[in-house]
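Colleague: Here you go, sequence then predicted model.
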Amino acid sequence: MEICNSYSSSSVDSTNPSPSESSVNLSLSLTFPSTSPQRARKQDWPPIKPRLRDTLKGRRRLLQRDYDTCLFVKVYMEGVPIGRKLDLSTFSGYESLLENLSHMFNTSIICGNHRDRKHHVLTYQDTDGDWMMVGDIPWEMFLETVRRLKITKPERC
Amino acid sequence: MNYFPDEVIEHIFDFIASHKDRNSISLVSKSWHKIERCSRKRVFIGNCYAINPERLIERFPSLRSLTLKGKPHFADFNLVPHEWGGFVHPWIVALAKARVGLEELRLKRMVVSDESLELLSRSFASFKSLVLVSCEGFTTDGLASVAANCRHLCELDLQENEIEDHRGQWLNCFPESSTALTSLNFSCLKGETNLAALERLVARSPNLESLKVNRAVPLDALTRLLSCAPQLVDLGVGSYENEPDQESFVKLMDAIKKCTSLRSLSGFSEVAPLCLTAFYPICQNLTSLNLSYAAEIQGNHLIRFIQFCKRLQRLWILDSIGDKGLEVVASTCKELQELRVFPSDLHDEEDNDTAVTEIGLVAISAGCPKLHSILYFCKQMTNAALITVAKNCPNFIRFRLCILEPNKPDHTTSQSLDEGFGAIVQACKGLRRLSVSGLLTDKVFLYIGMYAEQLEMLSIAFAGDTDKGMLYVLNGCKKMRKLEIRDSPFGNAALLADVDKYRTMRSLWMSSCEVTLGGCKRLARNAPWLNVEIINENENNDLMMERNEEDEREKVDRLYLYRTVVGARKDAPPCVTIL
């Protein structure tokens, strides 16, 4: 199998090479071994073991392209029409979340466990659409299921 | 030392474990040779065809532990036909006949049959440990014999084997009296598992430290297993396609919290991201993490998890973690010694942004001072990056770089990567294993021959221009043991230049190169102590030997040669010709 080694290069900024501005344009006769008919049958490139090869073949195509680690959710205070947006991935747990929210909305907010008449209570809407008390489940699980936050008046709960 | 009685010398030798050291001792004098060989308990045979079992037993009558390797390394990548060889049966027959007190058998890339396993299980009363890596030819029936008959079995470790799963009850075959298990790994089994039998087995094995289950063990079963084995150090989990409900998740997490000795985690094929989350309570204790089968978990989930794994020494991961993820690894995992980044996209279908590049590699080299082993699959590389990596990490013992597209040059300068790899071999004076890739000329091999003094294993693919390249390596690398080359323009001149070099090497593999049948025949004539094998799936023995002079110029598809003291093997299949 012939691999043609001709490349044409466009001009490149040598001080800031970045992958998306690759200067290498491959000539059309270059065949990527894993897609050439011969190699595809043989399955000998890239050099990975059969179990990994099978795992990757069976893999569902990832539809989401969002590889950001941030987790922005909307936050509303009951009675206030305009909401805020918050990146939950910047918090280490419920404590730091509450602290930050208390600052943001200039009031004291607590989780469901320590309810009393003076403080606002934080609730969240999960992936099922239900409104739940914040604080019952492990933080990491909360991050996976939270869709939006609402700070409610104490008497409601 | 000659004035000490033999028992004293033998006792001193007991402290020397390494095979290399023991081999050296045996060369000192006749009496040391005898004492050493009579007291040797562990023997390692890197090529099962270099010696035969009868001679092995004759030399080492006190043998307790045997390690055997069969097929050449490139068999892992479908380059060696299944029927090539590497049968363990004659070895087990000979060991049984000689009544060797075998306790441990470790096999890699060998053909194992149910008959072999049955014979093994019945012949060695003290048998304790069976480790099979990348083997094939047996079924769960063979496992059933081992489970049933090996009364003292402590370790059954099956890694990446091709096992025909008869959906039998092999786990049920462990007798109720079997309580000595320390390690059980059946992650490569494809069929269903008798969960009740597994749970009973785990519950009566208080010394169980390592448990790796297969895909058929669901979440609730895992929770029960962990609850009766909180002492586990090494865990391989199954696969859970669906996200667990809250109750199951909390139960799992509670069970995991109790596993305070857990240090190593693997498995996770076809796993919903939430299941990884359940391991947060113990992730800061982990020293080894293998997520290379977790193809469904996206980069951001991986990154969030790894952020807490500050004690990691070994990390195997898919390139879906991205350069950003590797930067997180670099800033978090300061104890990292070994990193493997595997490709997650074989057909170049997805966005380039998600894969890893030279940026990730440089970040790791800068952030992890203890790094000594790396296997890195990537889409692109630059000389500048490799030069930086070499400066940051002069302690590499193993450096394997695989650029997915063959012959790809430095993507910023369009030049070959000779200088980059040259920097690596020059800086890493202890380098023992190297794999090169990308656009490479003969020059990189000049560098390797000049600087890689400790190099024992070299893998070459789609590289070099002329025979000079291969010659630089053969002449320069004094410690070379295994050389494997594919799709590179090296021919007879390089192959035949120094035949005696192959006395010092275990083996040479060349496929899709320029060597011809005539060249191989000449080599076989000049070196009777070598087995020169031609592998050609389209031919058989008879046709090859009838070839006339003209056809001697025909290129050989696959050549595998190795030194041996027992001559040509008798078990070669039709597609293999031994010259």
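Modeller: Looks like it came in fine. Residues are numbered from 1 along each chain as shown, chains lettered A, B, ... in the order given.

Colleague: tally of neighbours for the residue lying closest to B:L302 once chain neighbours are set aside?
Modeller: Distance criterion Cβ to Cβ, 6 or more residues apart in numbering or on different chains; nearest residue to B:L302, sequence neighbours excluded, is B:I321 at 5.0 Å. Using the backbone N, CA and C atoms, a C-beta is placed for each residue, glycine as well. Other residues lying near B:I321 total 29 when counted by other Cβ atoms under 10 Å in any protein chain shown.

Colleague: do B:T357 as well
Modeller: Using other Cβ under 10 Å, B:T357 has 22 other residues around it.

Colleague: which helix is the longest one in chain A?
Modeller: Longest helix of chain A, by residue count under DSSP state H: helix A:94-105.

Colleague: quick check, that one touching chain B?
Modeller: No: using Cβ under 8 Å from any Cβ of the partner chain, helix A:94-105 never reaches chain B; the gap is at least 14.3 Å.

Colleague: What is whichever helix or strand comes after that helix packed up against?
Modeller: Helices and strands here follow DSSP states H and E; after helix A:94-105, the next one along the chain is strand A:109-110. In terms of contacts (3 or more Cβ pairs under 8 Å, 6 or more residues apart in numbering or on different chains; DSSP states H and E), strand A:109-110 is packed against helix A:94-105, strand A:120-126.

Colleague: quick one: secondary structure of the residue in the stretch 301-450 of chain B that chain A sits nearest to?
Modeller: Minimum separation of the stretch 301-450 of chain B from chain A (Cβ to the nearest Cβ) falls at B:T412, amounting to 3.8 Å. State at B:T412, reduced to three classes by DSSP: H, G, I helix; E, B strand; the rest coil: coil.

Colleague: now do the same end-to-end measure for stretch B:149-160.
Modeller: 24 Å (Cα to Cα, to the nearest Å).

Colleague: Also stretch B:293-305?
Modeller: Stretch B:293-305 has an end-to-end distance of 16 Å (Cα to Cα).

Colleague: From the chain's centroid, how far away is that stretch?
Modeller: 24 Å (Cα atoms, centre = their mean, to the nearest Å).

Colleague: For the longest helix of chain A, output the C-alpha coordinates as PDB.
Modeller: Only the C-alpha atoms of helix A:94-105 are listed here, as PDB (Å, rounded to 0.1, in the frame of the first residue of the first chain):
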ATOM      1  CA  TYR A  94     -23.400  22.800  49.700                       C
ATOM      2  CA  GLU A  95     -21.800  25.100  52.200                       C
ATOM      3  CA  SER A  96     -20.000  27.200  49.700                       C
ATOM      4  CA  LEU A  97     -23.000  27.300  47.500                       C
ATOM      5  CA  LEU A  98     -25.200  28.700  50.300                       C
ATOM      6  CA  GLU A  99     -22.600  31.200  51.300                       C
ATOM      7  CA  ASN A 100     -22.300  32.500  47.800                       C
ATOM      8  CA  LEU A 101     -26.100  32.700  47.300                       C
ATOM      9  CA  SER A 102     -26.600  34.500  50.600                       C
ATOM     10  CA  HIS A 103     -24.100  37.100  49.500                       C
ATOM     11  CA  MET A 104     -25.700  37.400  46.100                       C
ATOM     12  CA  PHE A 105     -29.200  37.800  47.300                       C
END
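
Colleague: quick one on the thing from earlier: determine which stretch of the helices and strands packed on strand A:109-110 is the most buried.
Modeller: strand A:120-126 (a mean of 20; mean count of other Cβ atoms under 10 Å in any protein chain shown).

Colleague: Hey, what's the angle from it to helix A:94-105? Just curious.
Modeller: 110 degrees (axes from the mean of the first three to the mean of the last three Cα atoms, to 10 degrees).

Colleague: Now do the buried residues in the helix or strand just after strand A:120-126.
Modeller: Remark: after strand A:120-126, the chain's next helix or strand is strand A:131-133, criterion DSSP H and E. By 16 or more other Cβ atoms under 10 Å in any protein chain shown, the buried positions in strand A:131-133 come out as A:132-133.

Colleague: And the host helix or strand of B:S459, what does it pack against?
Modeller: B:S459 belongs to strand B:457-461 when elements are defined using DSSP H and E. Counting by 3+ Cβ pairs under 8 Å, 6+ apart, the packing neighbours recorded for strand B:457-461 are strand B:433-435, strand B:482-486.

Colleague: In a markdown table, list those strands along with distance to chain A and mean pLDDT.
Modeller: Formatted as a markdown table, the helices and strands packed on strand B:457-461 follow (distance: least, Cβ to the nearest Cβ, whole Å; pLDDT from 0 to 100):
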| stretch | distance to chain A | mean pLDDT |
| --- | --- | --- |
| strand B:433-435 | 8 | 98 |
| strand B:482-486 | 8 | 97 |
